[in-house]
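**Q** Dropping a prediction and its sequence here:
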Amino acid sequence: MCRHKLFQQVIGVTFVIILIGCSSPATTPKPFIDTPIPSTATPLPPTLTPTLILPTQTLLPPLMIIQDGNNLPRTLLQAKTSPELADNRIGGTVMNFWLNLEFDSFPNIEIANHGFKRVSVTINEPDSYLVKWDTPEDYIKPSYDEFITDLAQNDIRIIYNLIFWDKAYHNSGGEVNSPRFKTEDEIQRYFDYVRFVVRNFGDRVQYYEIWNEPNFKNSIMYIDVADYIDLTRRTIAVIREEDPEANIVVGSIHLHDLESLEYLTAILKSDLMPMVDVIAWHPMIDLIPGKTKCNGDFYYEYPPMIQEIKNLANANGFTGEFIADSLHWQTPKTNPTSPCTCSEQVSAKYYARGILMHLGMDVSVGLVLDTDDQPVAFSLVRNISTIMAGANPMNLPVEIQSEASNIKAYGFSLPNGDRLLALWTDGLAVDDDPGVASTITIPGFSNWNAVGMDVLNGFEQEMITSNESGDLIIQGLFVRDYPIVIQLSK
């Protein structure tokens, strides 16, 4: 009954969101950010590529134009590294050094270059199908320990996932059953592992995540929800004994349908809520709008669920942070056999949408991103990580006149008083979307300056604006299937 009641509430909220996102002029509340993006970007060098020559010298390709008729200079976005940035609430995942036994060091510099301010890690395999039974769970490779230290020194918060396969017990002839943690002996072996991890990393790790996707049925990851709640309650006490200042992360379910929502709902209604600091879930794994085989319907059902999740948690005593983790859009390079891959360009667009939608709803994000095989997404994430440094969501009313449908817009504030507005069309993304020239009216922002930032192509440009009755008007702004971010400053 809980599931059906929550789903009915979800449907109601969905209707409101669709009204807000439609193309007819309307005042739309939007979310916002905290740290200013640098305004002293480098002019685009003519030698970079012929398409990047200033428009007064050469016509630009249509996809490199933010505003119709705007011939003002464009400059490169200047991405910063993690230590240079205030918290942007964007993170990545580096799981399981046993899958990379040949590594003598770990990709610290690469992670910092993303601009990530938090990283999820574990010495163990993150998923049951990856388990290597002949590798220990009670050994920390020296280079991995150095990796953890380097993350902390680069001002990156660390979330350690306490997944446990009970390898020593398995290798001595014991059977690891599913569902997990039905016996006290197994629970105590888990507590021993938790103590081992916290004692080794407690001086550098700020967050401990209790399990990975406990709702993963038909695997040795699966835990009945009542057992998960009981295990978590007892594990919190173990962690607090070792590190009283530790932050506890719970949930971490793969949220993709009503059954998974029901599992999370049980956790949100439990007595865990006042005890924990973070609620996490994994919502967007190869989720492509409109494609049924890729859970495309859930793409549109999901955003209103976020508010239901937050409301339910808060009603039961939760006062902490929400994280949508493991956002992932694969390409044929990263997974050639998957039916739900998309091109590098389209994958990057979905990453941009996922990041800014969650931040706009006051939910932090964690990404699964293959730097070698997803260079377009890597570049885009670096740009967004810099732009969103210190970001806080805010209601930023905006009126949009456009022939485009399903426009999403979120507002953010910066510590120096600037504002950000991110907007895009939220349908199926394509490689080359010419966009729709639209008129954007921002009430109450008359005489503010506006700079448009193209996070995909990596440049910014001052916008041509006008003022009317105290409002700021941007005409001819091309709204595309990936976010364009407008920075407003006095």
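**A** That came through, no problem. Keep in mind that what you see is a predicted model, and the values were worked out from it rather than measured.
**Q** gap between the two ends of stretch 359-375?
**A** Stretch 359-375 stretches 23 Å from its first residue to its last (CA to CA, to the nearest Å).
**Q** now swap in stretch 283-291 and tell me
**A** 16 Å.
**Q** What count of nearby residues applies to Gly401?
**A** Not Gly; residue 401 is Gln. 14 (other CB atoms under 10 Å). Every residue, glycine included, has its C-beta placed from N, CA and C.
**Q** Quick one: mean pLDDT over stretch 466-483.
**A** Across stretch 466-483, pLDDT averages out at 98.
**Q** If you could redo that for stretch 304-318, that was the one I meant.
**A** So the average pLDDT for stretch 304-318 ends up being 97.
**Q** Same question for stretch 133-152.
**A** pLDDT averaged over stretch 133-152 gives 90.
**Q** Ends of that stretch, what's the gap?
**A** Termini of stretch 133-152 sit 30 Å apart (CA to CA).
**Q** Pull out the buried residues from it.
**A** By 16 or more other CB atoms under 10 Å, the buried positions in stretch 133-152 come out as Thr135, Glu137, Lys141, Tyr144, Phe147, Ile148, Asp150, Leu151, Ala152.
**Q** Could you double-check that Tyr302 lies in contact with Ile285?
**A** No. Counting by CB atoms under 8 Å, Tyr302 sits too far from Ile285 to count as a contact (11.7 Å).
**Q** which of the two has more neighbours?
**A** Each of Tyr302 and Ile285 has its neighbours counted (other CB under 10 Å); Tyr302 has more, 20 against 17.
**Q** need the contact list for the more buried one.
**A** Tyr302 makes contact with Leu255, Pro283, Met284, Leu287 under the criterion CB atoms under 8 Å, 6 or more residues apart in numbering.
**Q** do you know how far Ile306 is from Phe318?
**A** Distance check for Ile306 against Phe318: by CB to CB, to the nearest Å, it reads 14 Å.
**Q** Tell me the secondary structure at Val119.
**A** Following DSSP: H, G, I helix; E, B strand; the rest coil, Val119 is assigned to strand.
**Q** need the contact list for it.
**A** With CB under 8 Å, 6+ apart, Val119 has these contacts: Gly91, Gly92, Thr93, Val94, Ile111, Leu151, Ile156, Arg157, Ile158, Ile159.
**Q** Name the surrounding residues that touch the helix or strand that contains the third one.
**A** In other words, Thr93. Assigned by DSSP states H and E, Thr93 belongs to strand 90-95. For strand 90-95, the external contacting residues (CB under 8 Å, 6+ apart) are 106-107, 111, 114-122, 125-126, 147, 157, 159, 161, 323, 325-326, 355, 359, 364-369, 381, 384-385, 388.
**Q** again, but for stretch 173-193
**A** Under the criterion CB under 8 Å, 6+ apart, residues 137-138, 162, 164-166, 168-170, 218-224, 227-228, 231, 234-235, 238 lie in contact with stretch 173-193.
**Q** 7 Å instead, please
**A** 137, 164-166, 169-170, 219-220, 222-224, 227, 231, 238 (CB atoms under 7 Å, 6 or more residues apart in numbering).
**Q** Centroid-nearest residue for the protein?
**A** Val365 (2.5 Å; CA atoms, centre = their mean).
**Q** so that residue, which of the three states?
**A** With three-state DSSP as the criterion, Val365 reads strand.
**Q** Am I right that it is in contact with Met357?
**A** No. Between Val365 and Met357 there is no contact under CB atoms under 7 Å: 9.0 Å.
**Q** mind listing the helices for the chain?
**A** 2-21, 108-114, 142-153, 167-171, 184-201, 225-242, 258-268, 296-315, 344-360, 375-387 (DSSP state H).
**Q** how about the ones you listed in CSV, adding distance to Gln461?
**A** Putting those into CSV (distance: least, CB to CB, whole Å) gives the following:
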stretch, distance to Gln461
helix 2-21, 25
helix 108-114, 25
helix 142-153, 35
helix 167-171, 55
helix 184-201, 45
helix 225-242, 49
helix 258-268, 42
helix 296-315, 29
helix 344-360, 18
helix 375-387, 14
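**Q** out of those, which comes closest to Leu396?
**A** helix 344-360 (9.7 Å; CB to CB).
**Q** and the angle from the closest one to helix 296-315?
**A** 20 degrees (axes from the mean of the first three to the mean of the last three CA atoms, to 10 degrees).
**Q** What is helix 344-360 packed up against?
**A** strand 321-327, strand 364-367, helix 375-387, strand 407-413, strand 419-425 (3 or more CB pairs under 7 Å, 6 or more residues apart in numbering; DSSP states H and E).
**Q** and among these, the most buried is which?
**A** Most buried of the helices and strands packed on helix 344-360 by mean neighbour count (mean count of other CB atoms under 10 Å) is strand 419-425; its value is a mean of 27.
**Q** just the angle between that strand and helix 344-360, please?
**A** Using the same axes, to 10 degrees: strand 419-425 against helix 344-360 is 130 degrees.
**Q** rewinding a little: which among the buried residues of stretch 133-152 gets closest to Ala437?
**A** Looking across the buried residues of stretch 133-152 and measuring by CB to CB, the closest to Ala437 is Leu151, at 44.0 Å.
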